[in-house]
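Chemist: got a predicted model here, sequence first, then my questions.
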Amino acid sequence: MGGLRLFALVVLLAGVGPAPPAVPVPAAVPAATGFVLPIPGPPLVLTAFAPPPTRYGAGHRGVDLGAAAGVVVAAAGAGRVVFAGELAGRGVISVEHEGGLRTTYEPVTASVAAGSPVAAGQPIGTLQAGHPGCAPASCLHWGARLPDGTYLDPLALLRPWAVRLWPWDG
């Protein structure tokens, strides 16, 4: 192997480490094209999804998205509101989507009632201040769960971001 090729191979392999563990999106999740961000603007992820190692173990079963208190919160996908009320001292809304997937939003003051059908992007409430663990005054905790109890990273429900590769003139 030529010196330049060997050098390139060593540089390439030196920069390759173990890949981070991927959390696969099970086949039961509806196609990503029907879901939208529940708050306006690009997502500001304050706390990432960190699934627990066991069903009842410690973890973060959703994402915390930074937003100002009072911002309108929308349903991430079409479905039916299955819960809208107070739980553990804060406002919570749960929406069931096709296939039994549920998304949850907290702390939110609901503008919809349980049983209401909702469309993707339809306002369902307003963000309250004071979510525990958020560095700013407010953030939206957004979760997603399959019917079997498996939690998903809700950001995986969104259409993939566009990635553009530049041509390599190598």
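Modeler: In hand now; what should we look at? Because the structure is a prediction, the values reported are computed rather than measured.
Chemist: distance check, Arg102 against Leu157.
Modeler: 12 Å (CB to CB, to the nearest Å). Backbone N, C-alpha and C define where each C-beta goes, glycine included.
Chemist: what does Val63 give?
Modeler: 11 Å.
Chemist: show me where this protein has helices.
Modeler: 3-14 (DSSP state H).
Chemist: just want the most central residue of it.
Modeler: Pro154 (2.6 Å; CA atoms, centre = their mean).
Chemist: dump the residue contacts of it.
Modeler: Contacts for Pro154 (CB atoms under 8 Å, 6 or more residues apart in numbering) come out as Phe49, Gly62, Val63, Ala76, Thr103, Trp142, Gly143, Ala144.
Chemist: which stretches of this protein have low pLDDT?
Modeler: The chain contains residues with pLDDT under 70 at 1-33, 131-136, 160-166, 169-170.
Chemist: quick one: contacts of the longest strand seen in it?
Modeler: Ordering each strand of the chain by length in residues (DSSP state E) puts strand 79-87 first. Contacts to strand 79-87, defined as CB under 8 Å, 6+ apart, come from residues 91-98, 102-103, 106, 110, 112-118, 124-125.
Chemist: what segments of the chain are strands?
Modeler: Going by DSSP E, the chain shows strands at 45-47, 63-66, 72-74, 79-87, 90-96, 102-106, 108-110, 117-118, 123-127, 139-145, 151-152.
Chemist: and these: which comes nearest Pro53?
Modeler: strand 151-152 (12.0 Å; CB to CB).
Chemist: give me the distance from the closest one to the chain's centre.
Modeler: Relative to its parent chain, strand 151-152 has a centroid offset of 9 Å by CA atoms, centre = their mean, to the nearest Å.
Chemist: what pairs with it, parallel or antiparallel?
Modeler: Taking DSSP bridges as the criterion, strand 151-152 sits next to strand 139-145 (antiparallel) in its sheet.
Chemist: got the angle between the partner strand and strand 90-96?
Modeler: Counting by axes from the mean of the first three to the mean of the last three CA atoms, to 10 degrees, strand 139-145 lies at 30 degrees to strand 90-96.
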